[in-house]
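Visitor: Provided below for reference: sequence and predicted model.
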Number of protein chains: 2
Amino acid sequence: MTKRLTPDIDDIIKALAHPVRREILGWLKSPQKSFPTQAHSFELGVCAGKIYEKADLSQSTISAHLATLQRAGLVVPRKVGQWIFYSRNEALIDKFLDRIKSDL
Amino acid sequence: MTKRLTPDIDDIIKALAHPVRREILGWLKSPQKSFPTQAHSFELGVCAGKIYEKADLSQSTISAHLATLQRAGLVVPRKVGQWIFYSRNEALIDKFLDRIKSDL
DNA sequence: TATATATTTCGATTTATTGCGAAATATATA
DNA sequence: TATATATTTCGCAATAAATCGAAATATATA
């Protein structure tokens, strides 16, 4: 049986359909390279503030993009104190790639 | 060097971000199965009218979706008399799948 | 040439997405 | 407790996308 995609493919593709969101996902591939050192290690991901600083958009806009990525399941948030660290959900991304390859 | 994508990845993903357009691409995978027999063979593709009959949307709306798919390069139109036959651009679809697999 | 068929383009409306600043929430620290 | 930091949520304006019916275009045929 084929792997179920939760959230569904439609949410994922829609989330990927914006260049800023794809760019953020790209940055999260190698945080060490994409971001200046963070107070906390990149283990847990990159905190929203660093992403906002790097992108040329307001904090609330980036927050909305991160929420879209999160709803699609493409990134996972981890809250530590006052920070929220975001990292890629590689498992879902892999499932999505398999799925689109066979469906498209 | 990596294969260039013309039209670019952004147009392609945006075109794929609508369920009706993905559905049309799916139908075009196996026209024999998805459509009742056509006057002309499926060699050249499926004519817009058949696609419109199958979809539950107006002719002008389907025409717009087909134009979007065409702009993205995902389908190729062939005009024969008063008909326009659409077929998948498998070469571009393959390039896109390679590309998204390495980029995402 | 007139009429029928296939498809697109136009104009308008509706709905969805993006973006911002300000206010709200949550946590940390003085 | 007050203040600072991190982030989200709210309210709203601007832009883009989807949809429809009617008109336009192109081809075919009587």
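Guide: Now that the structure is in, tell me what you want to look at.
Visitor: And for residue A:41, the neighbour number?
Guide: Using other CB atoms under 10 Å in any protein chain shown, residue A:41 has 11 other residues around it. For glycine as for every other residue, the C-beta is placed from the backbone atoms N, C-alpha and C.
Visitor: so how far is DNA strand D from it?
Guide: 14 Å (CB to the nearest atom of the strand, to the nearest Å).
Visitor: now residue A:70
Guide: With CB to the nearest atom of the strand as the criterion, residue A:70 and DNA strand D are 8 Å apart.
Visitor: Could you check how many residues crowd around that residue?
Guide: 17.
Visitor: Now do the contacts for the closest residue to it other than its chain neighbours.
Guide: Residue nearest to residue A:70 in three dimensions, not counting chain neighbours: residue A:77, with 5.9 Å by CB to CB, 6 or more residues apart in numbering or on different chains. The contact partners of residue A:77, taken as CB atoms under 8 Å, 6 or more residues apart in numbering or on different chains, are A:45, A:66, A:70, A:84, A:85, A:86.
Visitor: of these, closest to residue A:24?
Guide: residue A:66 (7.3 Å; CB to CB).
Visitor: Next up, phi/psi of the residue of chain A found nearest DNA strand C, please.
Guide: Using CB to the nearest atom of the strand, the single residue of chain A nearest to DNA strand C is residue A:81, 2.8 Å away. Dihedral pair for residue A:81: phi 60, psi -130, per degrees, to the nearest 10.
Visitor: what do you get for residue A:58?
Guide: According to degrees, to the nearest 10, residue A:58 has phi -70, psi 160.
Visitor: what does residue A:30 give?
Guide: phi -140, psi 80.
Visitor: got it, and residue A:96?
Guide: phi -60, psi -40.
Visitor: What is the burial count for it?
Guide: 22.
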